[in-house]
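Q: predicted model, plus sequence, below.
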Amino acid sequence: MTDRSVLLCGTVVVCGAVSLLLPLGRGEATVIAVRTQLVSRAADGGPADGASANPAMTPDGRIVVFDTAATNLVAGEASGAGRQVAAVDLRSGERWLVSAGANGPSWSPTISADGRRVAFVSEASNLVPGDTNGFADVFVRDRDGSVQRVSVAPGHRPANGPSSDPHISADGRYVVFTSAASNLVPGDHNRQPDVFLRDLKAQRTIRVSVTSSGAQANGPSGSPAISADGRVVSFASKATNLVGAAANAVPQVFVRDLPKRRTERISVSTSGRQQNKAVIAPFSQISALSADGRYVVFDSDATNLVPHDTNRRTDIFRHDRLTGRTTLISVSSTGYEGNNDSFAPSISANGRFVIFESFASNLARGRGPRENIFVRDLALGTTSVVNVPAGGGRRAPELVKQLLQRAAISNDGRVAAFTSTAANLTPDPTNGVANLYIRRLTPPHGRLVGHPRPAPRPVIALSADDPLATTFICRLDHHDPFPCPRGSFRLPAGLTQGRHVLRVRAGGPGMLFDPQALTARVTVARHGAHQAH
């Protein structure tokens, strides 16, 4: 029994000792024997007896929390209370129930950066004394085992309506959430769900979904996210009065800068045009923030946020609050927009990586049928599929009609958490329900084999230190990138004679692309010229 299992489990349990994830040291080879790992396994190593969903992760990729209907994940912690919130330390293999002892279902966890605090929703009435409202509330459990109810009215009175959608700040001090309650703050008379922020240190609640002058929204708001320091909150709203008088009656994504007491519309183009179409009901428009609150990613059905958006599908966008620039995220490594819906984004703390789900078939090679999880590396401009079997190949079909989800990504982009019902992701026995998996996305190191000879179409030979690295992205001079295969291939025809610079990044299904591009100088010769080295 470790101290962490006692403090975080909130009760005496037997936590697993098998390591699920070991970090790579600097300079070690990138070949990883098991890139995809099953997390929601039973305590004895067998299949879980219930489905798992809704992962969240610490920025270092060490601790993942999720909700689950399984009763056998933690030894001695079987529960008849419905869904529970579980946590796994991916380095040590320890596991615990965050919602231990709850007499009602719990779900939608979110975790602080140090893993100390987990916020979640629960219908339980016994997590704190005096919980008599009969509604779902938001709670925070600390590593010392203590539990606080977040969705409370002044004087710690129960909320008079249900609360949901929690998101906790990096230091665990602030929690934002959605609530239909009207008694959490004075003057809440709009009869609409609103977004609130609870300061756990000051024991104070404020309403976030208000205008810059503090007026309440005239429509429902929800799906909040919070920056690392708790200063910036993003949310979606159908209100038409939050920013100015130029609203077009389309729901929008907003940001509330709390220190500046300013509300901004974020679902806008670089020139400031507000989105002309939101995500279609019953789905909610989802946003996420980088740690510093500078970058906001969101999904949208809009066609006017970026030039040449012609796919008429839900896409992922990123808005830079510093520069005002909006960019399309749901594109392939060669710049093609997705040919089907992309949605439910999450962003790494540093703002570099965006993970999302998509039905598009043209975003990355190695995808499985129908819905897939993708990660976009904004520094390199590359896109990779995430939910790939441990041994490579294509994921088997999901066992449900639609497995809609929001995946999680670590700060360095190398650890992703997602759910799947596919039977071939790992060799573990399958249970026919959704399970939680971890994928190690560590990039390979590419290699240029030999030196290309001068020729009308020079031959390039590529390799990598990981045999599963089968996708390379090439770029000649300053032209558009194009996919190139592992092994030998000829450069495209029609190149001008003379010297060119070829840059290549190695990658593959279920891994990021090599941050160190290979650079080769190639000479295009006229037909019949001497083929010298």
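A: That came through fine.
Q: three-state assignment of the residue lying closest to Ala493 once chain neighbours are set aside?
A: Closest residue in space to Ala493, ignoring its immediate chain neighbours: Arg457 at 5.8 Å, by Cβ to Cβ, 6 or more residues apart in numbering. (Each C-beta comes from the backbone N, C-alpha and C, glycine too.) Secondary structure state of Arg457, per DSSP: H, G, I helix; E, B strand; the rest coil, is coil.
Q: per-residue confidence at Arg457?
A: Per-residue confidence for Arg457 comes out at a pLDDT of 92.
Q: could you do the one 10 residues further on as well?
A: For Pro467, the model assigns a pLDDT of 92.
Q: just the element for it, please.
A: With the criterion set as DSSP states H and E, no secondary-structure element contains Pro467; it sits in neither a helix nor a strand.
Q: what about it, how many residues nearby?
A: 12 (other Cβ atoms under 10 Å).
Q: ok, it to Gln148 distance?
A: Pro467 sits 50 Å away from Gln148 when distances are taken as Cβ to Cβ, to the nearest Å.
Q: show me what the longest strand anywhere in the chain is packed up against.
A: When every strand of the chain is counted residue by residue (DSSP state E), the longest turns out to be strand 498-507. Strand 498-507 makes packing contacts with strand 382-385, strand 446-448, strand 459-464, strand 471-476, strand 518-524 when contacts are defined by 3 or more Cβ pairs under 8 Å, 6 or more residues apart in numbering; DSSP states H and E.
Q: most tightly packed of those strands?
A: For the helices and strands packed on strand 498-507, the stretch with the most neighbours on average is strand 382-385, a mean of 26; neighbours defined as mean count of other Cβ atoms under 10 Å.
Q: show me what secondary structure element comes after that one.
A: Following strand 382-385 in sequence, per DSSP H and E, is strand 408-409.
Q: partners of that next one, with directions?
A: Taking DSSP bridges as the criterion, strand 408-409 pairs within the sheet with strand 415-420 (antiparallel).
Q: okay, angle between the helix or strand following the strand it pairs with and strand 415-420 too, please.
A: Once the chain leaves strand 415-420, the next helix or strand it forms, by DSSP H and E, is strand 435-440. Computed with axes from the mean of the first three to the mean of the last three Cα atoms, to 10 degrees, the direction of strand 435-440 lies at 150 degrees from that of strand 415-420.
Q: show me the contact partners of strand 435-440.
A: Residues lying outside strand 435-440 but in contact with it, judged by Cβ atoms under 8 Å, 6 or more residues apart in numbering, are 20-21, 32, 34-40, 48, 51-53, 55, 64, 66, 68, 90, 386-388, 414-421, 425-426, 510.
Q: using CSV, write out every CA atom in it.
A: This file holds the C-alpha atoms of strand 435-440, laid out as CSV (Å, rounded to 0.1, in the frame of the first residue of the first chain):
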residue,chain,number,x,y,z
ASN,A,435,-12.7,0.6,-22.8
LEU,A,436,-10.1,3.3,-22.0
TYR,A,437,-6.8,3.1,-23.8
ILE,A,438,-3.5,4.9,-23.8
ARG,A,439,-1.5,5.4,-27.0
ARG,A,440,2.2,6.4,-26.9
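Q: partners of it, with directions?
A: Partner strands and pairing direction for strand 435-440 (DSSP bridges) are strand 36-38 (antiparallel), strand 415-420 (antiparallel).
Q: and these: which comes nearest Arg83?
A: Each of these was checked against Arg83 via Cβ to Cβ, and the shortest separation belongs to strand 415-420, namely 13.4 Å.
Q: distance of His500 from Leu403?
A: Distance check for His500 against Leu403: by Cβ to Cβ, it reads 44 Å.
Q: try Leu322
A: Between Leu322 and Leu403 the distance is 36 Å, computed by Cβ to Cβ.
Q: again with Arg440
A: Spatial separation of Arg440 from Leu403 under the definition Cβ to Cβ is 21 Å.
Q: who has more neighbours out of the two?
A: Counting neighbours by other Cβ under 10 Å for Arg440 and for Leu403 shows that Arg440 has the greater number, 23 against 18.
Q: just the pLDDT at the more buried one, thanks.
A: Predicted confidence (pLDDT) at Arg440: the value is 96.
Q: same question, His527
A: The predicted structure lists His527 with a pLDDT of 67.
Q: check Arg26 too.
A: On pLDDT, Arg26 comes in at 35.
Q: just the one 4 residues further on next, same as before
A: Thr30 carries a pLDDT value of 60.
Q: same check, this time on Cys484
A: Per-residue confidence (pLDDT) for Cys484: 94.
Q: any idea which element it lies in?
A: Cys484 belongs to strand 482-485 when assigned by DSSP H and E.
Q: residues contacting that strand, please?
A: For strand 482-485, the surrounding residues in contact (Cβ under 8 Å, 6+ apart) are 333-334, 365, 460, 462, 470-475, 492, 504.
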